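In: Here is my input, please return the structure:
(one chain, ligands or ions: 1)
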Amino acid sequence: MAKLDNPIEIYKILPKTNCKQCGVVTCLAFAADVIKGQKRLNQCPHLDNNILEELEGKIIKQATPEDQLKQALEPLKREIVNIDFAASVQRLGAKLSSDKLTVKCLGKNFTVDSEGNIISDCHINVWVTVPLLNYIIYSAGNDLSGKWVPFRELSNETVWNSFFEQRFEKPLKQLIDTHPDFIEDLIVIFSGKYTETSFSSDISLVLHPLPKVPILICYKKPEEDLESKLNVFFDATAEGNLKIDSIYRLCVGLLVMFQKITSTHI
Ligand code: SF4
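Out: The predicted structure is shown next:
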């Protein structure tokens, strides 16, 4: 049998009875967990031992999103070598000192050397470092237009739209719902600024995760029977300054940071 490298191939060999004895609701969900390395095939008690022996070595586990990012880091570091830092200062809205480039992310300095190594007083996670290096290498340096657009207007690819909604906007709304004072922390800790907008919201706040990629967070508090609402907007030039996948990853990185802060400080 060929290598098994996706959930559907695993699913084909399962009994498909959804009996839940493996602790998962359906056989398909079990197959997805096996390919992610979160379950082992022998946790389905209905598979014959001979089949298990034959198949275990043929399963190719998918890398986690974080591992995929770690793999993306090395090629980016190699590309940084080709970037002329001095000529990129204006394009990136950055500063140059001792041959190193300093880029402000959320008001904090992130200093990058010519080999792509990053130094910051802030906690550095791979969800932020990969977009930062992408920004340095690929940003067109477009000046901001002042026109705010939702994420879906930046990309025609619905897969990114749905990821963005599910993995950034919704969890961020939940976080602010449960920690309403966190808005003030965004102002104090991350140099956020309140702003006036034409969008219907109680709070409109601008953050600069990268100098030429600001985000606008509009939050409407819950009232009576109405749920709260949260929408995130980008400058219309955003995709020229950061590729869409990096915009998504940057936002997920911010969320990881925000969740850590709320779990430890609030
Ligand atoms: S124990 Fe096996 S058959 Fe039952 S749900 Fe899990 S994978 Fe499917």
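In: how about the strands in the stretch 151-266 of the chain?
Out: 193-194, 203-210, 213-220, 229-235 (DSSP state E, counting those that start in this stretch).
In: Adding distance to residue 144, mean neighbour count and mean pLDDT, write the ones you listed out as a markdown table.
Out: Where you see a C-beta, it was placed from the backbone N, CA and C, and this is true even at glycine. Output for those, formatted as a markdown table (distance: least, C-beta to C-beta, whole Å; neighbours: other C-beta atoms under 10 Å; pLDDT from 0 to 100):
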| stretch | distance to residue 144 | mean neighbour count | mean pLDDT |
| --- | --- | --- | --- |
| strand 193-194 | 14 | 11 | 89 |
| strand 203-210 | 10 | 20 | 93 |
| strand 213-220 | 7 | 21 | 94 |
| strand 229-235 | 5 | 20 | 95 |
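In: looking at the protein, which residue lies furthest from center?
Out: residue 50 (41.3 Å; C-alpha atoms, centre = their mean).
In: got the CA coordinates for the lowest-mean-pLDDT helix or strand in the chain in CSV?
Out: Within the chain, confidence by mean pLDDT, DSSP states H and E is lowest for helix 158-164 among all helices and strands, at a mean of 78. The C-alpha atoms that make up helix 158-164 are tabulated as CSV, following Å, rounded to 0.1, in the frame of the first residue of the first chain:
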residue,chain,number,x,y,z
THR,A,158,-12.4,32.4,0.0
VAL,A,159,-10.3,30.0,1.9
TRP,A,160,-8.3,32.9,3.5
ASN,A,161,-11.5,34.8,4.2
SER,A,162,-13.0,31.9,6.1
PHE,A,163,-9.7,31.2,8.0
PHE,A,164,-9.6,34.9,8.9
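In: If we go by neighbour counts, what in that helix is buried?
Out: For helix 158-164, a neighbour-count test (16 or more other C-beta atoms under 10 Å) marks 160-161, 163-164 as buried.
In: Tell me which two in the residues you listed are the farthest apart.
Out: 161 and 163 (7.4 Å; C-beta to C-beta).
In: Quick check: next helix or strand after the helix or strand containing residue 51?
Out: Per DSSP states H and E, residue 51 falls inside helix 49-56. Going down the chain from helix 49-56, the next helix or strand is helix 65-80, by DSSP H and E.
In: Residues contacting that next one, please?
Out: 63, 112, 114-117, 126-127, 129-130, 133-134, 136-137, 249 (C-beta atoms under 8 Å, 6 or more residues apart in numbering).
In: Flag every buried residue along the very next helix or strand once past it.
Out: Using DSSP H and E, the helix or strand that follows helix 65-80 in sequence is helix 85-92. Counting neighbours by 16+ other C-beta under 10 Å, one finds that the buried residues in helix 85-92 are 85, 88, 92.
In: Centre of the chain to helix 85-92, how far?
Out: 25 Å (C-alpha atoms, centre = their mean, to the nearest Å).
In: counting contacts, what elements does that helix pack onto?
Out: strand 95-97, strand 100-105, helix 126-138 (3 or more C-beta pairs under 8 Å, 6 or more residues apart in numbering; DSSP states H and E).
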